[in-house]
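In: generate coordinates for the sequence data below:
(chains A and B)
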Amino acid sequence: MSKAVIGALLERFPDAVTDAYEGVGGDDCAFVEKERIADVCRHLREVEKFDLAPYITAVDYLGREPRFEVVYNLLSIPRSARIRLRVRVPEGEDCVVPSVTGVWRGADWFERYCFDMYGIGFTGHPDLRRLFMYDEFVGHPLRKDYPLKGRQPLVPERRVDDIYRGPGPAGRD
Amino acid sequence: MTSRTHEPATTSAPQGPAGLDTRATRAPQSDLDAPFPAKRMVVNLGPSHPAMHGVTRAVVELEGEIIRSMKLDIGFLHRGFEKSCENVTWGQCFPYTDRLNYVSSIMNNVGFALAVEKLCRLEIPERARYLRVVTSELHRICDHLTLVGAMGLELGAMTVFLYAIEARDVIWDRLTEICGARLTSNYGRIGGVSRDMPDGWAGKTLTTLDRVAQIREEIDGLLTANRIFLDRCQGTGKISREDAIELGFTGPCLRATGEPYDVRKAFPYLVYDRLDFDVPVGTNGDNFDRYLMRMEEMRQSDRIVRQCFEQVQPGDIIVQDWRYALPPKPLVYGTIEGLMAHFKQVMEGIKVPAGEAYSYTEAANGELGFYVVSDGGGRPYKLGLRAPGWPMLAALPHLTKDALLADLVPTFDSINMIGGEVEQ
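Out: Numbers count the residues shown, from 1 in each chain, chains lettered A, B, ... in the order given. The predicted structure is shown next:
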């Protein structure tokens, strides 16, 4: 079932979808060009009925070029099929991926998590903030070059502008 | 003094009886100034609040009693699960997975073991599969009992909580007998499970299930037709099927909206394809339906465990391949091959072939996924956790928008957010 999906994707987006392969256990996977991921996902949702994005995460392949990878595990409930899309993301200025929150609202926190842990930006995300770490945290903990026992600087007390809203800029949380 | 003007004095502010400034409006003068808000009030619920399980902070903007917007602040329980696992061997990850959903730890063990086995292309023995299903389903009952009990407790039915905790504890007694711990079971192993059933355990567990069924029906009688409970739960925290799917719901919360998706049926793993069980499906997607899903799933888990005891055959409980499983102690102490295999596994870890895989199981709250990447070494290169409760917690602002503040409590209960797994 998913083979046909990958085949259709290759045909529909010949320049964006590359290197389709069958992963361990028969998972159907493909690589997608970074700039086109939102278009590919929208097509998958609207035409191929991949209505759920159960898991989006990132991997840091330190020492490899490009360094990061964002992984989209997608599920189609009506077709009972799953596919996995992988997007290679370089380090530095270009470390941004188009957000898929416009396709699946559920992608919101997954992208915030990738931003928090790996420092990957998502253009078009409505509220890209750290998810688990605090705003003053320096660095991104799941990057391979972040030390296991890394120490963080002491955070100065936040100015309380509005005691009803608590610390931090108004409307932050 | 007949022509007294009402203009405020230019030199000093009008003074009240006690010398207080009585001007109606004024600019805030210090950090501690608290101008009375015109209409909307912001209330902080948590991070430490009896109605917020664990430590989640919800900043709620209220208009009267109506929640107009909400922002969640999580991460107070973040322990760096992924980072920790990347720095220990594959086998040493099991105790970390126990602490994800600490109410149903064996399901996390099984989910993680299946992910590694998928990468190793490892077939595990029949008996181990049955044991995994039996213990997982017992833990599913525990998880649902906790939810139902806590939901009753927070809506004023403390009796239900005590009954549920009693039932949960008798199951935990049985699980203690098989794995040695009440909460942090550490029962799974790559290639099988750690211990076989003790003598007479199956019979004892069946008696326990009878007792649990009795308590469950008692809870059912106390809650399912309870006027107060119905009024608090019916029609609150409602979500449509389309929204639930788009927001990434899985598990009982998705099924409550009418979508019959269950990983055990859609992509059967272990021995679920040989077992006869039903998947309950709701219609309204409100708190009451989510509660009903849990009640019915407990009954189905009961059925599954009973069938497993009938079908299970004697046999190995772990693969007899010393690259993946620890050899039995006589081999370790008696032969050099056994000793080497033991040493290599403990010191270096299991050599998992390089590659990546995403494995998913149906945990108590939904799809529990592990995205594992191996570089061929003894440690995970990346161990991504897809926590079942995550999308439901992320959708809480959507679920409670324009609802009464009091409805937040049952909604927060029925999505069953477990801090350990969501905040990793």
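
In: show me which residues of the stretch 201-350 of chain B sit near chain A.
Out: Residues of the stretch 201-350 of chain B lying near chain A by Cβ under 8 Å from any Cβ of the partner chain: B:245-250, B:259, B:261, B:266-267. In this view, the C-beta of every residue, glycine as well, is placed from N, C-alpha and C.

In: change it to 7 Å
Out: B:245-248, B:250, B:259, B:261, B:266 (Cβ under 7 Å from any Cβ of the partner chain).

In: which of those lies closest to residue B:46?
Out: Using Cβ to Cβ, residue B:247 comes nearest to residue B:46 of those, at 21.7 Å.

In: residue ranges with poor pLDDT in the chain?
Out: Picking chain A for this. A:1-2, A:160-173 (pLDDT under 70).

In: ah, I was thinking of chain B
Out: Within chain B, the segments meeting pLDDT under 70 span B:1-39, B:50-51.

In: and with 80 instead?
Out: For chain B, the stretches with pLDDT under 80 are B:1-55, B:64, B:419-420, B:423.

In: residues contacting the closest residue to chain B within chain A?
Out: Proximity to chain B, evaluated over chain A using Cβ to the nearest Cβ, is greatest for residue A:106 at 2.8 Å. Going by Cβ atoms under 7 Å, 6 or more residues apart in numbering or on different chains, residue A:106 touches A:53, B:246-248, B:391, B:394.

In: chain neighbours aside, what residue packs nearest to it?
Out: Closest residue in space to residue A:106, ignoring its immediate chain neighbours: residue B:248 at 2.8 Å, by Cβ to Cβ, 6 or more residues apart in numbering or on different chains.

In: what separates the nearest residue to residue B:293 once chain neighbours are set aside from residue B:281, distance-wise?
Out: Excluding the flanking residues, the one nearest residue B:293 by Cβ to Cβ, 6+ apart is residue B:252, at 3.9 Å. Note on residue B:252: its distance to residue B:281, by Cβ to Cβ, to the nearest Å, is 10 Å.

In: who's more crowded, these two?
Out: More neighbours surround residue B:252 than the other of residue B:252 and residue B:281, with 31 against 17 (other Cβ atoms under 10 Å in any protein chain shown).

In: the more buried one contacts residue B:297, doesn't it?
Out: Yes: at 6.4 Å, residue B:252 and residue B:297 qualify as touching, with contact defined as Cβ atoms under 7 Å.

In: export stretch B:257-272 as CSV, just CAs?
Out: The C-alpha trace of stretch B:257-272 is given here as CSV (Å, rounded to 0.1, in the frame of the first residue of the first chain):
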residue,chain,number,x,y,z
THR,B,257,-14.6,10.6,19.1
GLY,B,258,-15.7,7.6,17.0
GLU,B,259,-12.6,6.7,15.1
PRO,B,260,-12.0,3.0,15.7
TYR,B,261,-8.2,3.1,15.4
ASP,B,262,-6.2,0.8,17.6
VAL,B,263,-2.6,-0.2,16.8
ARG,B,264,-3.4,-3.7,18.2
LYS,B,265,-6.0,-4.2,15.4
ALA,B,266,-4.6,-2.0,12.6
PHE,B,267,-0.9,-3.2,12.9
PRO,B,268,-1.0,-6.3,15.1
TYR,B,269,2.2,-7.0,17.0
LEU,B,270,3.1,-9.8,19.5
VAL,B,271,0.1,-12.2,19.6
TYR,B,272,-2.7,-9.7,19.3
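
In: which outside residues touch it?
Out: Under Cβ under 7 Å, 6+ apart, the answer for stretch B:257-272 is A:77, A:80, B:114, B:129-130, B:132-133, B:239-241, B:244-245, B:254-255, B:279, B:281-283, B:285, B:360-362, B:367.

In: returning to that earlier point: list the contacts for the residue nearest to residue B:293?
Out: Residue B:252 neighbours (Cβ under 7 Å, 6+ apart): B:290, B:293-294, B:297.

In: ok, back up a step: are any of the contacts of residue A:106 buried, and which?
Out: Neighbour-count burial (16 or more other Cβ atoms under 10 Å in any protein chain shown) is assigned, among the contacts of residue A:106, to A:53, B:246-248, B:391, B:394.

In: nearest to residue B:102, out of those: which one, please.
Out: residue B:391 (20.0 Å).

In: tell me the contacts of the closest one?
Out: A:106, B:247-249.

In: hmm, back to that, distance of the residue of chain A closest to chain B relative to residue B:387?
Out: For residue A:106, the distance to residue B:387 - Cβ to Cβ - is 13 Å.

In: got phi/psi on residue B:322?
Out: Dihedral pair for residue B:322: phi -80, psi 10, per degrees, to the nearest 10.

In: wait, a helix at residue A:71?
Out: No: judged by DSSP: H, G, I helix; E, B strand; the rest coil, residue A:71 forms no part of a helix; its state is strand.

In: name all residues that make contact with it.
Out: A:56-59, A:84, A:86, B:371.

In: list the ones among the contacts of stretch B:257-272 that fall in strands.
Out: Mapping the contacts of stretch B:257-272 onto strands (DSSP state E) picks out B:360-362, B:367.

In: between the residues you listed, which sits nearest chain A?
Out: residue B:367 (5.6 Å).

In: sorry, back to before: can you put the contacts of residue B:391 in a markdown table and add secondary structure and distance to residue B:63?
Out: Shown next, in a markdown table, are the contacts of residue B:391 (DSSP: H, G, I helix; E, B strand; the rest coil; distance: Cβ to Cβ, whole Å):
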| residue | secondary structure | distance to residue B:63 |
| --- | --- | --- |
| A:106 | coil | 27 |
| B:247 | coil | 24 |
| B:248 | coil | 29 |
| B:249 | coil | 28 |
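
In: what count of nearby residues applies to residue 58?
Out: I'll assume chain A. Residue A:58: 26 surrounding residues under other Cβ under 10 Å.

In: please refer instead to chain B.
Out: Residues lying near residue B:58 (other Cβ under 10 Å) number 24.

In: mind checking the SS state of it?
Out: strand.

In: distance-wise, check it relative to residue B:411.
Out: Residue B:58 is 11 Å from residue B:411, by Cβ to Cβ.

In: and the closest residue to residue B:410 other than its chain neighbours, what does it touch?
Out: Spatial nearest neighbour of residue B:410, excluding adjacent residues (Cβ to Cβ, 6+ apart): residue B:287 at 4.6 Å. Contacts for residue B:287 (Cβ under 7 Å, 6+ apart) come out as B:233, B:236-237, B:410-411, B:414.

In: now the strands for the chain?
Out: Chain wasn't specified; assuming chain A. Along chain A, counting by DSSP E, strands occupy A:17-22, A:28-32, A:52-60, A:68-76, A:81-89, A:96-98, A:121-123.

In: try again with chain B
Out: Secondary structure of chain B (DSSP E): strands located at B:40-45, B:57-63, B:66-73, B:188-189, B:192-193, B:355-363, B:366-374, B:380-386.

In: need the ones you listed in TSV (columns: distance to chain A).
Out: Formatted as TSV, those follow (distance: least, Cβ to the nearest Cβ, whole Å):
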stretch	distance to chain A
strand B:40-45	5
strand B:57-63	5
strand B:66-73	5
strand B:188-189	18
strand B:192-193	18
strand B:355-363	5
strand B:366-374	5
strand B:380-386	4
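
In: show me chain B divided up by domain.
Out: With domains defined by automatic domain parsing, chain B comprises B:40-73, B:81-422.

In: deepest of those, which one?
Out: Highest mean neighbour count of the domains of chain B: domain B:81-422, a mean of 20 (counted as mean count of other Cβ atoms under 10 Å in any protein chain shown).
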